[in-house]
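Participant: have a look at this fold, sequence not included:
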């Protein structure tokens, strides 16, 4: 985007991470409704679709064999195994989006966040946390998509994932979705105005 004074903004990546059940998808959906020139990358996964999730919209759902073929072919910017399922971010989509000047929003786990930071040091990393683990447990049960053993594993993983927050640029508590989304929007708007993302021409 270029101003009448010849100042343009360089595209950048925003990563949202946080434990399963913290509300990442809900917050990201609200953020995307209020920002311009942002695209959301759709991850590839081997897990089954939940509820009303749609292939190519929420995720690209593939077999483990297909995922491994793409991974071994170097098609992913980052990939990780989470709760027994594989997840990956298509590298070509991200590179093409940045090349045409679009900002990219990624909703990925902490392993992916660290991989993106390594490849794109200028990426903005935002970590979402629940008010407490009891709230997270209630949210996971409220989804009614996992049995007790899966929920137990997700809570154990959440404790480990939360330890990563110090490696992120921002930490936002999701105790109220609208307030959390507003905080995330404030981060994005401020980051877009950073001096190093500005070019005169």
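Facilitator: Cool, the structure landed. Quantities reported herein were computed from a predicted structural model and do not represent experimental measurements.
Participant: quick check: which element contains residue 67?
Facilitator: Residue 67 is part of helix 64-72, with elements assigned from DSSP states H and E.
Participant: which stretches in the chain count as helices?
Facilitator: 24-32, 64-72, 91-99, 110-119, 133-143, 148-162, 177-192 (DSSP state H).
Participant: near the closest residue to residue 128 other than its chain neighbours, how many other residues are there?
Facilitator: Leaving aside its chain neighbours, residue 128 sits nearest to residue 18 (3.5 Å; criterion: C-beta to C-beta, 6 or more residues apart in numbering). The C-beta positions use only the backbone N, C-alpha and C, and glycine is treated the same way. Neighbourhood size, residue 18 [other C-beta atoms under 10 Å]: 28.
Participant: wait, residue 37 sits on residue 104?
Facilitator: No - using C-beta atoms under 8 Å, residue 37 is not in contact with residue 104; the gap is 10.2 Å.
Participant: so what sits against both of those two?
Facilitator: residue 11 (C-beta atoms under 8 Å, 6 or more residues apart in numbering).
Participant: neighbour count winner among these two?
Facilitator: A direct count of neighbours by other C-beta under 10 Å for residue 37 and residue 104 places residue 104 higher, at 23 against 13.
Participant: test my guess that the more buried one contacts residue 39.
Facilitator: Yes - contact criterion C-beta under 8 Å: residue 104 and residue 39 qualify, at 5.8 Å.
Participant: between the two, which contacts overlap?
Facilitator: Common contact partners of residue 104 and residue 39 (C-beta under 8 Å, 6+ apart): residue 97.
Participant: give me the nearest residue to residue 102, chain neighbours excluded.
Facilitator: residue 39 (5.0 Å).
Participant: and the residue nearest to the spatial centre of the chain, what pLDDT?
Facilitator: The chain has residue 107 as the residue nearest its centroid, 1.4 Å off, counting by C-alpha atoms, centre = their mean. The confidence metric pLDDT takes the value 92 at residue 107.
Participant: ok, now how distant is it from residue 63?
Facilitator: The gap separating residue 107 from residue 63 is 22 Å, by C-beta to C-beta, to the nearest Å.
Participant: ditto for residue 31
Facilitator: According to C-beta to C-beta, residue 31 and residue 63 sit 31 Å apart.
Participant: when those two are compared, which one has more neighbours?
Facilitator: residue 31 (22 against 9).
Participant: so who does residue 107 touch?
Facilitator: Contacts of residue 107 (C-beta under 8 Å, 6+ apart): 15, 16, 17, 24, 25, 28, 40, 43.
Participant: thanks again, I'm all set now.
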